[in-house]
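A.B. asks: Please work out how this folds:
(one chain, ligands or ions: 1)
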Amino acid sequence: MTHSTSTQTPLESRASGPLAGKVRVPGDKSISHRALILGALSVGETRISGLLEGEDVLNTAKSMQALGAQVERTGPFAWQVRGVGVAGFAQPASPLDFGNSGTGCRLVMGAVAGCPITAVFDGDASLRSRPMRRILDPLELMGAKAGETKEGGRLPLTLHGARDPVPILYRTPVASAQIKSAVLLAGLAAPGVTTVIEQEASRDHTELMLKHFGADIVSVREGSHGRKIALTGQPELHGAEVVVPADPSSAAFPIVAALIVEGSDVTFSDVMTNPLRTGLLTTLRQMGAAIEESEVRGDAGEPMARLRVRASKLRGVEVPPERAPSMIDEYLVLAVAASFAEGTTIMRGLQELRVKESDRLEATADMLRVNGVRVEIAGDDLIVEGRGHVPGGGLVVTHMDHRIAMSALVMGLAADKPVKVDDTAFIATSFPDFIPMMRSLGAEFS
Ligand code: S3P
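C.D. replies: From the prediction side, this is the model:
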């Protein structure tokens, strides 16, 4: 689904609250993409409950249909996939459009790279601006071939899958679950063992879910923060049940809102607590946040818990660079929390933020600056001077980035003056019910 930038939907948020209630944010985006893709590469039936029905994931569902899988919605958030088996994708009749989603596009590139087919990959203006070379490099080593590409391998591009994919040992140049997952998904079709080594561990949902679908995959520590993952190729993947837990990256917005709006008390059910995704919770707790965890349980290797969050006085902290992979999507909203804290917060090693849905390092600094917060970018670090309150009154430019829109709206709920965003349309990519859910907790938007 591609949005037109000419029809923007602005919105303003203003001092509200206290926020109170119990909510379940939508299903995890990373797990939703993977459940559809692995279901499509399996033999038999996969049933998914709690799927995120956001535009990013719906585009992945459409791409799986275009590649030959049967994908059907059987009820609210309930989906069924009948797969084609490993390396069984059919040639798609038209270009695959991933809209705003880097994850959908890059993971499907990996899956297509192991099949003897040709597919055109495309997306919206934001996705067309993002680097794809980092994915194409290992896939070409495995035998796939990209047609003529723009600088940096940017979309649209044609990918010719390998007739005889070869397994490789690949060291990812940056901590990226998308690169790792693309190599592993291509490796499914290769004979022998495909190995990925990452210096900093990135989210491991692909590994956990491959195991759940019957693959032989082993992950061991590598160095002080890394992993070495070995996948035996050409397994018979069998359809499976997948229960998608609530997305911690979506919960991040109402969690920070509950912390900064005085008197708030909000409970979140079924939030995924995979340790490779909980960097924000660790950081907020260090800042003094009252976040209680209960009802800890797990499904298909993914832990989840209920979180109770109460408004808290926050103080500035230093966030080390090695924490970045476990909270890579949460820095925008952490910067909002840091603006309301007392003292300076230094977030280190944020170079990857520059290649997300927008240049999030610049966009975060701009969001804070227009609302009267002192902020500085020093190399790859972001430094926010918290003064216990935020003047607000700014207009925030969304840059086709859902997380900028939601972060700015959260900021407005506790700022002295309202905060306006130019466009809320992209929120639908990851959290379609964000605005009504926030209103149900007491947030005031107009
Ligand atoms: C994702 C990985 C992350 C993250 C993205 C989802 C995934 O990207 O930013 O929103 O599902 O694999 P990188 O691992 O490339 O940093």
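A.B. asks: going forward, measure contacts and count neighbours with C-alpha atoms only.
C.D. replies: Will do.
A.B. asks: need the helix or strand of this structure with the lowest average pLDDT.
C.D. replies: Every helix and strand in the chain was compared by mean pLDDT, DSSP states H and E; the lowest is strand 290-299, with a mean of 92.
A.B. asks: how far does that one sit from the chain's center?
C.D. replies: 21 Å (C-alpha atoms, centre = their mean, to the nearest Å).
A.B. asks: Starting from it, tell me which strands it pairs with and how they run.
C.D. replies: Strand 290-299 has its sheet partners listed here by DSSP bridges as strand 302-310 (antiparallel).
A.B. asks: I would like the residues contacting the least confident helix or strand of the chain, please.
C.D. replies: Under the contact criterion C-alpha atoms under 8 Å, 6 or more residues apart in numbering, strand 290-299 has outside partners 243, 259, 281, 285, 303-312.
A.B. asks: Would you map the helices across the protein?
C.D. replies: All helices of the chain, identified by DSSP state H, fall at 29-40, 55-66, 102-113, 125-128, 133-141, 177-187, 205-212, 248-260, 279-286, 331-340, 360-369, 402-412, 434-441.
A.B. asks: and those as CSV, adding mean neighbour count?
C.D. replies: Supplementary listing: the helices of the chain in CSV, determined by neighbours: other C-alpha atoms under 10 Å:
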stretch, mean neighbour count
helix 29-40, 27
helix 55-66, 24
helix 102-113, 26
helix 125-128, 21
helix 133-141, 20
helix 177-187, 28
helix 205-212, 20
helix 248-260, 27
helix 279-286, 19
helix 331-340, 27
helix 360-369, 21
helix 402-412, 28
helix 434-441, 17
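A.B. asks: Mean pLDDT and distance to the ligand added to the ones you listed, as a markdown table?
C.D. replies: Formatted as a markdown table, the helices of the chain follow (pLDDT from 0 to 100; distance: least, C-alpha to the nearest ligand atom, whole Å):
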| stretch | mean pLDDT | distance to the ligand |
| --- | --- | --- |
| helix 29-40 | 98 | 4 |
| helix 55-66 | 98 | 10 |
| helix 102-113 | 98 | 5 |
| helix 125-128 | 97 | 12 |
| helix 133-141 | 98 | 10 |
| helix 177-187 | 98 | 4 |
| helix 205-212 | 98 | 8 |
| helix 248-260 | 99 | 8 |
| helix 279-286 | 98 | 13 |
| helix 331-340 | 98 | 11 |
| helix 360-369 | 98 | 11 |
| helix 402-412 | 98 | 10 |
| helix 434-441 | 98 | 17 |
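A.B. asks: Save those helices as JSON lines, and put in distance to G85 too.
C.D. replies: Output for the helices of the chain, formatted as JSON lines (distance: least, C-alpha to C-alpha, whole Å):
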{"stretch": "helix 29-40", "distance to G85": "7"}
{"stretch": "helix 55-66", "distance to G85": "12"}
{"stretch": "helix 102-113", "distance to G85": "11"}
{"stretch": "helix 125-128", "distance to G85": "28"}
{"stretch": "helix 133-141", "distance to G85": "20"}
{"stretch": "helix 177-187", "distance to G85": "12"}
{"stretch": "helix 205-212", "distance to G85": "13"}
{"stretch": "helix 248-260", "distance to G85": "31"}
{"stretch": "helix 279-286", "distance to G85": "35"}
{"stretch": "helix 331-340", "distance to G85": "38"}
{"stretch": "helix 360-369", "distance to G85": "38"}
{"stretch": "helix 402-412", "distance to G85": "34"}
{"stretch": "helix 434-441", "distance to G85": "36"}
